[in-house]
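K.L.:
Build me a structure from this.
(4 chains)
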2 protein chains.
Amino acid sequence: MAVTIRDVARASGVHISTVSRTFSAPHLVNPNTRSRVLACAEQLGYRPNRAARALITGRTYNIGLIVADIANPFFPPLIKAAESQARKHDHHIFVADTNEDAAVEEEVVRALAKQVDGVLLVSPRMSNTLIEQLSREVPLVVVNRQIAGIPAVVMDVARGARIAIEHLVALGHRRVALLSGPRGSWTSREIRRSAAATAKAGGAELTIIGPNPPTEVGGLTIAEDVLRAGATAVLAYNDLMAIGLIEGLLAAGARVPADVSVVGIDDIMLSRLTRPKLTTVATPTAAAGRAAVDMLLAHGDDRRTTAQIHLQTELVIRDSTGRGPGPHSPADPGDVNAPGGVAS
Amino acid sequence: MAVTIRDVARASGVHISTVSRTFSAPHLVNPNTRSRVLACAEQLGYRPNRAARALITGRTYNIGLIVADIANPFFPPLIKAAESQARKHDHHIFVADTNEDAAVEEEVVRALAKQVDGVLLVSPRMSNTLIEQLSREVPLVVVNRQIAGIPAVVMDVARGARIAIEHLVALGHRRVALLSGPRGSWTSREIRRSAAATAKAGGAELTIIGPNPPTEVGGLTIAEDVLRAGATAVLAYNDLMAIGLIEGLLAAGARVPADVSVVGIDDIMLSRLTRPKLTTVATPTAAAGRAAVDMLLAHGDDRRTTAQIHLQTELVIRDSTGRGPGPHSPADPGDVNAPGGVAS
DNA sequence: GCCATTAATGCAAGCGGTTGCACGCAAGTC
DNA sequence: GACTTGCGTGCAACCGCTTGCATTAATGGC
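P.N.:
Presented below is the predicted three-dimensional model:
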C-alpha cells in the first residue's frame, strides 16, 4: 500500500536511516546520495508519515483550534488566518466547535492534547482555573482572555467599549443599555466593566441586560426589554446580537437610529451589509489568529513564554447611531449619519 | 512526561497487551481485570496515543475537510455539522482553506493524506481527473461535484436554478443575467446549464456574465455590466455575490426589485438580514456536512462505495424579486413582494 | 608513514501502541 | 483420570520513523 521509508531506501540502495536524514537533517548526508534519495522519493511519491515521526520526536506539527461556534461570523476570519499562518510553518489545524459549552471545551482540549503541539483557545467559556490546569497538560494560547502565566492574545475590547460609550454619550444619549454576552466570556466581563465606568464618568445611566446567547436570535428576542428599559442607545456584546436587536427594534416599530442607536462589536463583514449599516467596534481577528499561531510555535523554543499580545480596536461609525435626546458634545462631528464614517 | 500504556500496566500488575485490550477489545479481558485496569488508567489520567495506534491499525480517526474559503458564510454551517457528526464517531476534523486555488487544494490533500482516514472535498476547484487520481491515494468524498466512481454528496442546484429562473420568468422577466461563479466550480456549470435550458424553454434571453470571484466584491463590481446588459433580473452563483450585486445596483441608482430582481443561491444567514431580504435557493449545507462524514466513515467498511447522495434545494422567496416588464404567468401568486414568502 | 580527525553511512533500540500465537488452567465430556 | 475446550493472559514482532553510537574510509598534520 503506502510507500514507506524502506521502499525509498531499497530503491536508492542506502539504509533507511540515510533516507530519514535526507529529510530531517540534510546536511548530514552527502550531496550525491541526497539527490539520489530525493529523486527516488519523488519518483515513488514518498511522503514521510507524520504520525510515526511524532511518536519519536514528540512534535506532531498539528495545532488544535477551539472556538465556541464556527457559524458565528466572528470566527471564520480568525480561523482562516490561523490556518494560513500555520500552513506557512508546515502545521495543520484541527478545528473544533464547542457549541458555547464549557464542558465540551474541556473534553475537546483533552481529546486533542496528545495529537497536537498546542491548542489555541479562542474566546473560551471555561473557568480560569480549568484553563490553568489544562495548560499543564498541553501548551495553550488563549485568545480573548487574560490569565496570569498563560500566553495570550487579547483584543482591547475595554478600550473599544469605552470609545463606543463615549461616542453614544457625545451624541447625547443618557440612558444606555448593554447587551451582555454569554456566561463565562471574559470579553463580556471586560466590556461590562469598561462600559459601566465610562457611562458613569459621562453621566449616563447604564442598564445591563443579559447574559444572552451571542447570536442574532439573542439580540432579536431582547428588543422588547430594551424598549421597556427606555434606553435610547445600546451597546451589544457582538455584531450578531446588534443586528438581531435592530431587526427586533424595527419589528417593534422603533426606528434605528432615530429612536434607538445601536453599536456592535467585532465588525464582521455582515455589519457593512445590513441596513442601517452597523456602527461597531472593529476587532483585528485575522491578526489575532496569526499572532496566536506565532506565539504557540515560538512557545516551543523557549518554554514557558507567558507573553501577552494586545491588539488594538477601533470604532467604525456607520449608520446605526445618531443623536440622542440629551445635549450632545460640542466636540462631536456634525452629522454622524452621513454615509461614510471612519471606514464604512 | 505523558502517561503511557506501560505505566498503566505496571500500576495494575498486568501486561501491556492486557491494558491495550481493555481499551480496544474489552470483551477479551476478564471483567475484574478490566475494571482494575480502567481504575488505574483513570487515576493516572491515561489517554491512548492515537498516533501510535494509527501506526498499527492504519486508522487515524481524523478526517480532512477542505474548503475554498472558510470566510465564505456558505461553508461554516457545513463545517460545523461535519465536525459535530465526526465527533459523534470519535473523529477529529482537520480544516484547510485553499483560497479558491486548485493548486493549493491538491497540495493540501496530499499533505493530509497520510494522517487522515479520508478527505472531504467541499466544492472543489480541481479537475475531475486530478480528483480521480487523488482518490486512489486517499479515500475521498466530494461535496458539490459529480464524478463517476467517486462517492459524493451533491445538492441539486440544477433544480434550484430551474425554479429560480421559472420564478423570474413567471414574474414577467424576459432578459435575465446569470452571474457565474469561479472557474473550476462544478456547481457553477450545473447552474449555467440548467438556467440556460430553463430560460430557453420559458422564452427568456439569458446573458452569462463571468466567471467571477464568488464574493460580495465579485457581485459589487459587476453591477454596471448587469445594467448595461439591460437585464431586469439576475440569478447569481451565490448569495454573497447577489448581495454585493444589490449593493452595486443601489449605488448605481437602480431599485431592487422595482428595476432589477435578484436571486441568490445558498440561503446563507446573511440573506435574511440584508435589505431587501434576498430571494434565494436554499441549499442544505448542514445536511451535506453530516452526510459527507457518514459516507466517509461508512466507506471504510465496504470498500469502494461509490454511492452519491442527492440533497434537495428549495426556492425561498423574499423581497429581492418582483414583477418584470413582460406578461407574468397567470399561475403566479398575487403579490410576491409581500413580506414572508416560502420561509422568510 | 602513522595517528588523529572528520565526514558519511550503517546498526539497532526504541516511540506507544496492536495483534497473532502460545501457554496455563479450570471446567466439561466420556 | 485422560482429553478436549475455551477463556484470560503473556510474549514478541511490528507499524514507520528518528537518533545515539559504531564503523568505515578519506583527509590532514607532523
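K.L.:
Can you list the buried residues in stretch A:315-324?
P.N.:
By neighbour count on 16 or more other C-beta atoms under 10 Å in any protein chain shown, the buried set for stretch A:315-324 is A:Leu315, A:Val316, A:Ile317, A:Arg318, A:Asp319, A:Ser320, A:Thr321, A:Gly322, A:Arg323, A:Gly324. C-beta coordinates here come from the backbone N, C-alpha and C atoms, glycine included.
K.L.:
ignore the last one, stretch A:70-85
P.N.:
Those would be A:70-85, for stretch A:70-85 by 16+ other C-beta under 10 Å.
K.L.:
just stretch A:191-203 next, same as before
P.N.:
Per 16+ other C-beta under 10 Å, stretch A:191-203 contains these buried residues: A:Ile191, A:Arg192, A:Ser194, A:Ala195, A:Thr198, A:Ala199, A:Gly202.
K.L.:
closest to B:Asp156 among those?
P.N.:
B:Asp156 has its nearest neighbour among the buried residues of stretch A:191-203 in A:Ile191, at 44.2 Å by C-beta to C-beta.
K.L.:
and that closest one, what element?
P.N.:
helix A:186-201 (DSSP states H and E).
K.L.:
so A:Leu227 sits in a helix?
P.N.:
Yes. Secondary structure of A:Leu227 (DSSP: H, G, I helix; E, B strand; the rest coil): part of a helix.
K.L.:
Pretty sure it sits against A:Ala254.
P.N.:
Yes. Counting by C-beta atoms under 8 Å, A:Leu227 does reach A:Ala254; the two are 6.3 Å apart.
K.L.:
hmm, back to that, continuing past the helix holding A:Ile191, what's the next helix or strand?
P.N.:
strand A:205-209.
K.L.:
for the stretch 201-344 of chain A, which spans come out with low pLDDT?
P.N.:
Per-residue confidence for the stretch 201-344 of chain A (pLDDT under 70) gives these ranges: A:300-305, A:330-344.
K.L.:
Apply 80 and report the result again.
P.N.:
A:299-306, A:326, A:328-344 (pLDDT under 80).
K.L.:
Kindly report the residues of the stretch 1-150 of chain A close to DNA strand D.
P.N.:
A:1-2, A:4-6, A:16-17, A:20-21, A:23-25, A:46-49, A:52-53, A:55-57 (C-beta under 7 Å from any atom of the strand).
K.L.:
The same query, at a cut-off of 10 Å, please.
P.N.:
By the rule C-beta under 10 Å from any atom of the strand, the part of the stretch 1-150 of chain A lying against DNA strand D is A:1-9, A:15-25, A:28, A:41, A:46-59.
K.L.:
Of the buried residues of stretch A:191-203, which is the nearest to B:Thr283?
P.N.:
For the buried residues of stretch A:191-203, the nearest to B:Thr283 is A:Ile191 (35.6 Å; C-beta to C-beta).
K.L.:
what about the closest one, distance to B:Pro211?
P.N.:
43 Å (C-beta to C-beta, to the nearest Å).
K.L.:
likewise A:Val122?
P.N.:
A:Val122 is 34 Å from B:Pro211, by C-beta to C-beta.
K.L.:
higher neighbour count, these two?
P.N.:
Neighbours of A:Val122 and B:Pro211, each counted by other C-beta atoms under 10 Å in any protein chain shown, are more numerous for A:Val122; the result is 24 against 17.
K.L.:
following the helix or strand where A:Leu78 lies, which helix or strand shows up next?
P.N.:
In the assignment (DSSP H and E), A:Leu78 maps to helix A:75-88. Using DSSP H and E, the helix or strand that follows helix A:75-88 in sequence is strand A:92-97.
K.L.:
from the buried residues of stretch A:315-324, which ones fall inside strands?
P.N.:
The strands, defined by DSSP state E, take in A:Leu315, A:Val316 from the buried residues of stretch A:315-324.
K.L.:
Distance to DNA strand C added to the buried residues of stretch A:315-324, as TSV?
P.N.:
TSV is the format used below for the buried residues of stretch A:315-324 (distance: C-beta to the nearest atom of the strand, whole Å):
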residue	distance to DNA strand C
A:Leu315	51
A:Val316	50
A:Ile317	55
A:Arg318	53
A:Asp319	57
A:Ser320	54
A:Thr321	56
A:Gly322	61
A:Arg323	64
A:Gly324	62
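K.L.:
which of the residues in stretch A:12-26 are buried?
P.N.:
Neighbour-count burial for stretch A:12-26 [16+ other C-beta under 10 Å]: A:Ser12, A:Val14, A:Thr18, A:Val19, A:Ser20, A:Arg21, A:Thr22, A:Phe23.
K.L.:
closest to DNA strand D among those?
P.N.:
A:Ser20 (3.1 Å; C-beta to the nearest atom of the strand).
K.L.:
Quick check: closest non-adjacent residue to that closest one.
P.N.:
In this structure, A:Ser20 finds its nearest non-sequential neighbour in A:Ile5, 6.1 Å apart by C-beta to C-beta, 6 or more residues apart in numbering or on different chains.
K.L.:
how about the helix or strand hosting A:Ala164: buried residues?
P.N.:
In this assignment (DSSP H and E), A:Ala164 forms part of helix A:157-170. For helix A:157-170, a neighbour-count test (16+ other C-beta under 10 Å) marks A:157-170 as buried.
K.L.:
got CSV for these, with distance to A:Ser127 and pLDDT too?
P.N.:
Shown next, in CSV, are the buried residues of helix A:157-170 (distance: C-beta to C-beta, whole Å; pLDDT from 0 to 100):
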residue, distance to A:Ser127, pLDDT
A:Val157, 19, 97
A:Ala158, 20, 97
A:Arg159, 25, 97
A:Gly160, 24, 98
A:Ala161, 23, 98
A:Arg162, 26, 98
A:Ile163, 30, 98
A:Ala164, 28, 98
A:Ile165, 28, 98
A:Glu166, 32, 98
A:His167, 33, 98
A:Leu168, 32, 98
A:Val169, 34, 97
A:Ala170, 37, 97
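K.L.:
Among the residues you listed, which one sits closest to DNA strand D?
P.N.:
Checking the buried residues of helix A:157-170 one by one against DNA strand D (C-beta to the nearest atom of the strand), the nearest turns out to be A:Val157, at 41.8 Å.
K.L.:
roughly how far apart are that closest one and DNA strand C?
P.N.:
Going from A:Val157 to DNA strand C by C-beta to the nearest atom of the strand, to the nearest Å gives 40 Å.
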